[in-house]
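Student: Need a 3D model of the following:
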Amino acid sequence: MVSSELKLKNDIRKKAWQPVYFFYGEDVYKPEFYAKQIVDALAADAEKVRLYGSDIDVSDIDAHLATMSLWSGPK
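Tutor: Just a heads-up that it's a prediction; the model follows:
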C-alpha cells in the first residue's frame, strides 16, 4: 500500500501503526525525519539502535536483538 505524507502524519499523530514502513524518494531529509518520528513514538522509553542497510548485515541485526539492554529497560 502506498501511503501519502498526510496519511503518514495522521497515523503518527493517532499512533495507528502499519506493520512495515519503507521510505524512499529523492528527498533525503523526509525519510530520516519520519523514521525518527515513528521510532520515538513507538519506543519512547526504550534503548534505541538505528541501523542502516548499507552499513550492516543480518548478523548485526541478530546481535542487537539478542543482547540485553544496558539500562534494564526495553530494547
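
Student: going forward, measure contacts and count neighbours with C-alpha atoms only.
Tutor: Noted.

Student: What helices and strands are in contact with the helix or strand of the chain with the lowest mean pLDDT?
Tutor: Lowest on mean pLDDT, DSSP states H and E among the helices and strands of the chain sits helix 58-66, with a mean of 80. Under the contact criterion of 3 or more CA pairs under 8 Å, 6 or more residues apart in numbering; DSSP states H and E, helix 58-66 touches no helix or strand at all.

Student: Dump the C-alpha coordinates for it into CSV.
Tutor: C-alpha atoms of helix 58-66 as CSV (Å, rounded to 0.1, in the frame of the first residue of the first chain):
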residue,chain,number,x,y,z
VAL,A,58,21.8,-9.9,9.1
SER,A,59,24.3,-11.0,11.8
ASP,A,60,24.5,-7.4,13.0
ILE,A,61,20.7,-7.2,13.4
ASP,A,62,20.6,-10.5,15.2
ALA,A,63,23.4,-9.4,17.6
HIS,A,64,21.5,-6.3,18.5
LEU,A,65,18.2,-8.2,19.1
ALA,A,66,19.9,-11.0,21.1
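
Student: mind listing the helices for the protein?
Tutor: 5-14, 29-42, 58-66 (DSSP state H).

Student: And those helices: which comes nearest residue 50?
Tutor: helix 29-42 (9.2 Å; CA to CA).

Student: Give the buried residues for that closest one.
Tutor: Using 16 or more other CA atoms under 10 Å as the test for burial, helix 29-42 gives 31, 34, 38.

Student: Between those residues, which sits nearest residue 20?
Tutor: residue 38 (11.1 Å).

Student: tally of neighbours for residue 69?
Tutor: Neighbourhood size, residue 69 [other CA atoms under 10 Å]: 14.

Student: ok, now residue 8?
Tutor: With other CA under 10 Å as criterion, residue 8 counts 18.

Student: how close does it get to residue 30?
Tutor: Distance, residue 8 to residue 30, using CA to CA, to the nearest Å: 11 Å.

Student: Repeat that for residue 20.
Tutor: 17 Å.

Student: do the same with residue 12
Tutor: Taken as CA to CA, the span from residue 12 to residue 30 is 14 Å.
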